[in-house]
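Chemist: Here is my input, please return the structure:
(chains A, B, C and D)
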2 protein chains.
Amino acid sequence: MAKAPRCGPYICGIDAALDVVSGKWKGLILWELDAHGVRRFAELRRGLPGVSEKMLTQHLREMEKDGLVHREVYAEVPPRVEYSLTEHGHTLNQALAPLGAWGSERTRREGLEVVDVAETSHG
Amino acid sequence: MAKAPRCGPYICGIDAALDVVSGKWKGLILWELDAHGVRRFAELRRGLPGVSEKMLTQHLREMEKDGLVHREVYAEVPPRVEYSLTEHGHTLNQALAPLGAWGSERTRREGLEVVDVAETSHG
DNA sequence: GACCCCCCTTACAAAAAGGTAAGTACCGCA
DNA sequence: TGCGGTACTTACCTTTTTGTAAGGGGGGTC
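Modeler: The predicted structure is shown next:
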């Protein structure tokens, strides 16, 4: 099981928000989904360098449970599943924007390594 | 050892920022330090319900290394150490504000449990 | 018919994070 | 001398998180 006992007592809002985005790939999933609108499982997988299928599924399920991600399953012959952000997912992403800006400045300031996923080259 | 190999390649700013605040008590430490300006070790400990000395020291050291927290040691007979936010710590806190608001709304929206640390009762 | 793709699931294992308890060194108080 | 308070450090252990490898059911391709 992944993380059943969420909803633990929170001390402040940051605590409650961090609980939802903490996870190695959650921030990136949010980012991908925000950038592309709708994404299929395999697309997401390709957009997140190094993620395993297990982790991706797990994170996606948790985010769905947390009401951030919408999962649309098409009962087609080659199974098709589309993921997108819910309204809460969008507002979270907006709330995350200043943090992202701060982080970008940090990487610049400290000369940290940043990899480019080259999402634009296939999307 | 706590976390030496930070500075890993980041995909986006959120990634880089999350790396710095991920940790069970980091958000709270930022919050405490922002609310009180300057805080001693034991004060911080009392303000963070359930934190162990080890974790507090460890998180504080990491945050110091990340340039978020300033540590001032007074060479006095009963050792005195004061912690405060650096400028980067302050800007991070400001960047965290919308996230905190989002989290607060989430706790309200979903009726999640929130504990009150009652910091005001002793400060 | 073997292989690949789709979207997962399961079992197992490693790594990381966190927690517990004790020890350090010094002081004031009783 | 024993206890409480200051700010940690260290060793050990548990829990949580992440990773690896494999399987599964169906269809199209070579």
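Chemist: Go ahead and flag the most central residue of chain A.
Modeler: Geometric centre of chain A, nearest residue: residue A:29, 2.3 Å, by CA atoms, centre = their mean.
Chemist: That residue - that's part of a helix, no?
Modeler: Yes: note on residue A:29: a helix contains this position according to DSSP: H, G, I helix; E, B strand; the rest coil.
Chemist: pLDDT at it, what is it?
Modeler: The predicted local distance difference test score for residue A:29 is 95.
Chemist: just residue A:111 next, same as before
Modeler: Here the pLDDT value assigned to residue A:111 is 86.
Chemist: Show me which residues of chain A sit near DNA strand D.
Modeler: Taking CB under 7 Å from any atom of the strand, the part of chain A that reaches DNA strand D is made up of A:2-3, A:5, A:22-24, A:50-55, A:58-59, A:77-79. The C-beta positions use only the backbone N, C-alpha and C, and glycine is treated the same way.
Chemist: still on that earlier bit, go ahead and confirm the residue nearest to the centre of chain A touches residue A:45.
Modeler: No: judged on CB atoms under 8 Å, residue A:29 makes no contact with residue A:45 at a distance of 10.6 Å.
Chemist: Show me what residue A:83 bridges to in the sheet.
Modeler: residue A:39, residue A:71 (DSSP bridges).
Chemist: Which of the three states applies to the residue lying farthest from the centre of chain A?
Modeler: Ranked by distance from the centre of chain A (CA atoms, centre = their mean), the top residue is residue A:77, with 27.3 Å. State at residue A:77, reduced to three classes by three-state DSSP: coil.
Chemist: Thank you kindly, that will do.
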